[in-house]
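Peer 1: Provide a 3D model corresponding to the input given below.
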Amino acid sequence: DNYDNASPDDVNLTFSCIIKTILKLKKTFNLDDNKIFAFGHSDGSDGAFGMAIFQPSIFAGFIIYNSMLTNLKAINIYPLNMKNVSTYIVHSDLDDLRPVEQTTAIVDIVKKFGADIEYKVYKGYKHFDNHLKIDLPFANKYILKTVRTPFLSHIYWESSNNIDNQCFRSEE
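Peer 2: Below is the predicted model of the structure:
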């Protein structure tokens, strides 16, 4: 992989594929449309973050553990797109794989612009540590209290491609 050859036209189709998979699951199972969450740790949390900024329409919220709030090879990251969604972000201050400083800086900026972000940093923990188990009850509380708002009164959206060019559209 050569990151120097990336262009704004490069699109990660993973997020569209996940949306299509969820839509198929919704046709098969009785899922509550307003209680679907993207939840991940490390690389998985980068995926959940990607869903929040590229394809948020069908999700109630996003639970992101130990992310740097970026995606590999992506040059079309628009963190302010998190203004449209509810996000629960957890990190640990001794993380040697994904430094907490980058996450904190991005969260601070996006929160200044009005994003609904609940952010916690666990002190004295590394990347793969007990803070994950300790926080799980709080993540569950977040899930219980958070409901998707399918019709927002204001939408902020940036995109540089024709795949991720819509926010809160009809998915079916």
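Peer 1: What segments of this protein are helices?
Peer 2: Listed in chain order, the helices of the chain (DSSP state H) span 14-28, 43-54, 100-112, 131-145.
Peer 1: quick one: the third one to helix 43-54, angle?
Peer 2: With axes from the mean of the first three to the mean of the last three Cα atoms, to 10 degrees as the basis, helix 100-112 and helix 43-54 are set at 20 degrees to each other.
Peer 1: just to revisit the earlier point, what's the most buried one of the helices of the chain?
Peer 2: For the helices of the chain, average neighbour numbers computed from mean count of other Cβ atoms under 10 Å are highest in helix 43-54, which has a mean of 23. Bear in mind the C-beta positions are built from the backbone N, C-alpha and C, glycine included.
Peer 1: Now find how far off-centre that one is within its chain.
Peer 2: Mean-position distance between helix 43-54 and its chain equals 4 Å (Cα atoms, centre = their mean, to the nearest Å).
Peer 1: Next up, the contacts around the most centrally placed residue in the chain.
Peer 2: For the chain, Phe49 is the residue whose C-alpha lies nearest the centre (Cα atoms, centre = their mean; 2.3 Å). Listed by Cβ atoms under 8 Å, 6 or more residues apart in numbering, the contact set of Phe49 reads 62, 64, 67, 69-71.
Peer 1: So, low pLDDT: which residues of this protein?
Peer 2: 1-12, 72-74, 163, 165-166, 168-172 (pLDDT under 70).
Peer 1: Please repeat the previous calculation with a cut-off of 90.
Peer 2: 1-20, 54-55, 57, 70-78, 84, 149-172 (pLDDT under 90).
Peer 1: What count of nearby residues applies to Ile63?
Peer 2: Neighbourhood size, Ile63 [other Cβ atoms under 10 Å]: 26.
Peer 1: ok, the nearest residue to it once chain neighbours are set aside to Ile53 distance?
Peer 2: Nearest residue to Ile63, sequence neighbours excluded (Cβ to Cβ, 6 or more residues apart in numbering): Phe39, at 4.1 Å. Shown here: Phe39 relative to Ile53, a distance of 16 Å by Cβ to Cβ, to the nearest Å.
Peer 1: gap between the residue nearest to the centre of the chain and Thr70?
Peer 2: Taking Cβ to Cβ, one finds Phe49 at 8 Å from Thr70.
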